[in-house]
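Student: pasting the sequence and the predicted model now:
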Amino acid sequence: MLIYGAGGHAKIIISLLRDAGFEIHAIFDDDPVGKTCAGFSVSNYDPGLQSAQPLILAIGNNMIRKKLAAEVSHGFANAFHPSSLIAPDVQFGYGNAVLHRTVIQTDTIIRNHCIVNTGALIEHECRISDFVHIGPGAVLCGNVTIGECTSIGAGSVVVPNVIIGKNCLIGAGSVVTRNIPDGAIARGNPARIIKQTHYGKENMAVSATYGRDGNELHSTGI
Ligand SMILES: CC(=O)SCCNC(=O)CCNC(=O)[C@H](O)C(C)(C)COP(=O)(O)OP(=O)(O)OC[C@H]1O[C@@H](n2cnc3c(N)ncnc32)[C@H](O)[C@@H]1OP(=O)(O)O
């Protein structure tokens, strides 16, 4: 298995892969000089290196995962921690990381390059689009839909049947009781929209803010 990213989230992915019995062949980063990650040396991405090995984007920032997914030529793998409990009919795309002690219930669909972070609970019939991050300990109740590149903050609860749009950021500890439109930043109990963003540059800034406040999970220099 190959890893792209050498920050805090990459350390968690390495722990997951070791627990799941995978061998780690290389760790890539856009700024590798002098870096090590969990005891491994870090190098620039090399499309020709171990080209048959699958790669996982170990970067917490959704926008950066999306950008890199379009650039990387290796195939992508899903990574599941052995302690995760996943109903047999849950459908996954590729490039997803399902971390320690997560629960994903029946008839849920998780598309590509999502992170289901430590201890998150995704209930029945949820629909999770590409590049989503479900934060540590977050709870999605039944039949919740999450749009592309949205982040659900740590410990948040989304009540049943709610639809959260694309490129949204839900603050840590929020309770989302109503649908949230694309590009909104919402927080609190009940969650209220505190900022409505547009796509593009502004949303990249929001994404960077999220990284700063939550956890600096990437180190790709963007
Ligand atoms: C492994 C991992 O760590 S994964 C990382 C997961 N990351 C997260 O869950 C973090 C999600 N991000 C947040 O919750 C952020 O705090 C945000 C996006 C909601 C707000 O960010 P900012 O706009 O930068 O807020 P800022 O820090 O300037 O605080 C502004 C005010 O909002 C309050 N506030 C910030 N976050 C929250 C929150 N989640 N819920 C309620 N109030 C909040 C602050 O206390 C502050 O209040 P004050 O003006 O009365 O002092």
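Tutor: Done, it's in.
Student: now residue 171: closest residue in space that isn't a chain neighbour?
Tutor: Once flanking residues are discounted, residue 171 sits nearest to residue 187: 2.7 Å by C-beta to C-beta, 6 or more residues apart in numbering. Any C-beta I mention is one placed from the backbone N, CA and C, and that applies to glycine too.
Student: on the three-state scheme, residue 69 is what?
Tutor: helix (DSSP: H, G, I helix; E, B strand; the rest coil).
Student: related to what we said a few turns ago, please look at the residue nearest to residue 171 and residue 175 and confirm they touch.
Tutor: No - contact between residue 187 and residue 175 fails when scored by C-beta atoms under 8 Å: they sit 9.9 Å apart.
Student: need the residues that contact stretch 43-53.
Tutor: In this structure, residues lying in contact with stretch 43-53 by C-beta atoms under 8 Å, 6 or more residues apart in numbering are 1-2, 4, 25-30, 32, 72-74.
Student: just the buried subset of those, please.
Tutor: Buried by 16 or more other C-beta atoms under 10 Å: 1-2, 4, 26-30, 32, 72, 74, out of these.
Student: make TSV out of those residues and add pLDDT, secondary structure and distance to the ligand.
Tutor: Below are these laid out as TSV (pLDDT from 0 to 100; DSSP: H, G, I helix; E, B strand; the rest coil; distance: C-beta to the nearest ligand atom, whole Å):
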residue	pLDDT	secondary structure	distance to the ligand
1	96	coil	20
2	97	strand	22
4	97	strand	18
26	95	strand	24
27	97	strand	19
28	97	strand	21
29	96	coil	18
30	94	coil	21
32	91	coil	22
72	97	coil	22
74	97	coil	25
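Student: okay, these in CSV with distance to residue 98 next?
Tutor: Below are the buried ones among the contacts of stretch 43-53 laid out as CSV (distance: C-beta to C-beta, whole Å):
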residue, distance to residue 98
1, 15
2, 18
4, 18
26, 22
27, 20
28, 22
29, 23
30, 25
32, 27
72, 20
74, 20
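Student: now for the residues you listed, which pair is the farthest apart?
Tutor: 1 and 30 (19.2 Å; C-beta to C-beta).
Student: for the protein, which spans come out with low pLDDT?
Tutor: The chain contains residues with pLDDT under 70 at 198-222.
Student: just the helices from it, written as ranges.
Tutor: 8-19, 62-71, 201-214 (DSSP state H).
Student: how about the shortest one as PDB, C-alpha atoms only?
Tutor: It stands for helix 62-71. What follows is helix 62-71, C-alpha atoms only, in PDB (Å, rounded to 0.1, in the frame of the first residue of the first chain):
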ATOM      1  CA  ASN A  62     -11.300  17.500   1.400                       C
ATOM      2  CA  MET A  63     -10.300  20.000  -1.300                       C
ATOM      3  CA  ILE A  64      -6.700  18.800  -1.400                       C
ATOM      4  CA  ARG A  65      -7.800  15.100  -1.600                       C
ATOM      5  CA  LYS A  66     -10.000  16.100  -4.600                       C
ATOM      6  CA  LYS A  67      -7.200  17.900  -6.300                       C
ATOM      7  CA  LEU A  68      -4.700  15.000  -5.800                       C
ATOM      8  CA  ALA A  69      -7.200  12.300  -6.800                       C
ATOM      9  CA  ALA A  70      -7.200  13.900 -10.300                       C
ATOM     10  CA  GLU A  71      -3.400  13.900 -10.500                       C
END
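Student: no further questions, thank you.
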